[in-house]
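Undergrad: coords please:
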Amino acid sequence: MRQSAAATRASQGALTNSHASVAAAASKLLEKKKEFDAVSALERASALYLERIEGLGEDCDIMADSGQAHGQVLEQWPRMFQILSLFLASRNANDETAGPLDQPDTDLGGQRLTYIRSPPPQRKIGDRNMKIVPLPHPLIPHGSRG
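TA: The predicted model follows:
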C-alpha cells in the first residue's frame, strides 16, 4: 500500500504543478490579450488621427488655391486704376480741346470702356479636378478596345 500512496502523492504533485503552470499560462495569455487589444485600439486611433490630418491637409490646399486666386485678382487692381486714369485723362483732354458747342456731354467721341473676358486659366498637372483620360494604344484599333 505504501507504493500506491506514494504514487498517488506523486501524481497529485504533478497535477498541482500542471495546474499551476496552466494557471500561469492562462494569466500570461490574458495579459497578452489585453496588450494586443490596447495596441489594436492605438492603431485604430492612429488611423482616425491620420484621416483627420489628411482632411486638414486637403483643406489647407483648398485655402492656398483660393489665396492664389485672391492674389491674382488683387494684382489686377493697380492696372485697372491705371486704365481708368488714362481713360479719364483722355476724356478730360478731349473735353478741353473741344468747345462746349462741339459735342454734347453724353457723347464721348467713340470712346468707351469695354470688358474683355480673358480665357479661363489652364489646369496645372497637379490639380485635383483634372481628369485623366487614357490615350488609345497606337497598335490596337480603336473599335476593338474594351
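Undergrad: just for this protein, where's the confidence low?
TA: 1-16, 98-146 (pLDDT under 70).
Undergrad: Which parts of it are helices?
TA: 2-97 (DSSP state H).
Undergrad: For burial, what's the neighbour tally of S90?
TA: When neighbours are counted by other C-beta atoms under 10 Å, S90 registers 13. All C-beta atoms are positioned from the backbone trio N, CA, C, and that covers glycine.
Undergrad: mind checking how far it is from E96?
TA: 11 Å (C-beta to C-beta, to the nearest Å).
Undergrad: Buried ones in stretch 43-51, by neighbour count?
TA: Judged by neighbour count using 16 or more other C-beta atoms under 10 Å, stretch 43-51 contains no buried positions.
Undergrad: just the CA coordinates of that stretch, formatted as CSV?
TA: C-alpha atoms of stretch 43-51 as CSV (Å, rounded to 0.1, in the frame of the first residue of the first chain):
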residue,chain,number,x,y,z
GLU,A,43,-3.8,51.5,-34.3
ARG,A,44,-7.5,52.4,-34.8
ALA,A,45,-7.0,55.8,-33.1
SER,A,46,-3.9,56.5,-35.2
ALA,A,47,-5.8,55.7,-38.4
LEU,A,48,-8.5,58.1,-37.4
TYR,A,49,-6.0,60.7,-36.5
LEU,A,50,-4.2,60.3,-39.8
GLU,A,51,-7.5,60.6,-41.7
